[in-house]
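> starting from these lines, generate the structure:
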Amino acid sequence: MKKSDQDEEMERLRMENENLRELLEKERRNLVKERECREAERKGRIKAEKIVRSEARERVGGGFELRPIGIVKSCFPDRRGTPRQPLLCPSTRSCICFENAIPPASLEGLSAFSHLFCIFLFHENTNMHRLVKSGNRSMKTFKAKIAPPQLGGRKIGVFSTRTPHRPNPIGLSVVQIERVEKRKIYIRGADLVDGTPILDVKPYLPFDSIPDHRVPSLYTDDADRKFKRRDVRFESEAEASLKYFTKSTKFYKNDLESLRDAIVECLSLDIRAVYQNRGKATAEMQQYEFHFDHLNILFETHEEYVLVKSVGRLKKKKVIDEEDMVSKDSEGKNTTE
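Numbering: from 1, shown residues only. Next up, the predicted model:
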């Protein structure tokens with residue numbers, strides 16, 4: 001190759017190199033400009049989100065608006081007899097049904113866990129009407145001190161208890177996962193009434209357990225008596241009726257053994273109200289009602305055992321406040337406590 005040809009080739013390569021440098025510099029400037037635009041957009045979006053959150057708080061009285069993601073379908077049609085804490089009755093069954101807006105993919109991986117936390121709303125609080133009337137703008141819908149039943153009349157601060165009557169009627173329960181299907185989580189051991197709104201669910205992890213915990217002695221003193229379980233017995237006619245009506249239940253069809261276990265677990269803890277002498281034997285021939293799944297159960301409470309007198313089908317769902325719980329005499333007539 002002649003020298004002139006070499007010079008021309010070198011010049012051509014030099015020009016191509018400069019063109020590439022200019023192109024790279026142009027792309028670099030474009031990337032910087034795009035990054036600056038994105039940063040400005042992000043700052044603007046953050047500012048806009050802050051404004052929206054501020055306006056939302058003003059609309060709901062300085063708080064945040066939360067919407068349920070689903071509801072609970074439970075074997076407890078009303079508050080009467082619903083366990084006072086989760087996992088006390090492990091044979092009880094419920095189902096968390098999510099709204100259609102929640103995609104099934106949101107539940108992927110949850111079946112690998114044994115338990116989960118349910119964050120829910122106490123929707124059947126007796127003071128809920130005051131909370132709704134105040135528009136959630138007033139904190140005067142609850143009492144600062146209450147007397148938990150297990151403390152024998154002693155009053156303590158509301159935040160030292162698990163009472164549902166709180167400034168924000170939100171509850172937290174640990175339940176066992178039975179299985180997950182599409183938008184449904186089948187659970188056991190829940191202390192949730194049918195229709196309970198669910199705000200969120202979170203998997204239970206090992207570090208959620210605290211081995212070196214501390215609990216005041218007022219909760220642990222005489223705990224055996226306070227949380228005593230009575231033996232539960234069935235009259236022969238009640239036993240036969242339970243077997244017959246098992247097919248009428250929603251959660252225990254063709255599973256008589258599990259149905260009986262769940263009823264025994266609930267009744268053994270004494271589901272009566274305090275004013276009905278919870279923890280003590282009742283007057284002779286005095287019976288109480290317990291609604292479970294689609295069943296209406298009549299029982300008597302004796303000193304050492306609970307006797308199930310009859311089991312029938314619950315014709316319609318009844319929502320009865322614990323304070324309105326009635327007993328029945330031997331003739332089936334309602335009597336006040």
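> for the rest of this, base every contact and every neighbour count on C-alpha atoms.
Fine.
> any idea how far residue 290 is from residue 72?
Distance of residue 290 to residue 72, given as CA to CA, to the nearest Å: 20 Å.
> apologies, that question was intended for residue 6.
84 Å.
> higher neighbour count, these two?
Neighbour totals were compared for residue 6 and residue 72, and residue 72 leads with 23 against 11 (other CA atoms under 10 Å).
> residue 97 contacts residue 74, doesn't it?
No - Residue 97 is not in contact with residue 74 according to CA atoms under 8 Å; the separation is 10.4 Å.
> of these two, who's got more company?
residue 74 (26 against 20).
> list the beta-bridge partners for the more buried one.
Counting by DSSP bridges, residue 74 forms beta bridges with residue 94.
> per-residue confidence at it?
Confidence at residue 74, expressed as pLDDT, is 97.
> residues in contact with it?
93-95, 192-195, 293 (CA atoms under 8 Å, 6 or more residues apart in numbering).
> again, but for residue 185
95-97, 177-179.
> in CSV, list those along with pLDDT and secondary structure.
Listed next are the contacts of residue 185 as CSV, based on pLDDT from 0 to 100; DSSP: H, G, I helix; E, B strand; the rest coil:
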residue, pLDDT, secondary structure
95, 98, strand
96, 98, strand
97, 98, strand
177, 98, strand
178, 97, strand
179, 97, strand
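> return the member of those nearest to residue 34.
residue 97 (44.3 Å; CA to CA).
> how near is the closest one to residue 181?
Counting by CA to CA, the gap from residue 97 to residue 181 is 10 Å.
> what comes up buried for stretch 182-200?
For stretch 182-200, the neighbour count (16 or more other CA atoms under 10 Å) marks 183-199 as buried.
> so which of these belong to strands?
Counted as lying in strands by DSSP state E, out of the buried residues of stretch 182-200, are 184-188, 197-199.
> those: which two are farthest apart?
Greatest spatial distance among these (CA to CA): 188 and 199, at 18.4 Å.
> dump the contacts of residue 74 into TSV; add distance to residue 265 as well.
As requested, the contacts of residue 74 are arranged in TSV below (distance: CA to CA, whole Å):
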residue	distance to residue 265
93	12
94	15
95	19
192	15
193	16
194	18
195	22
293	14
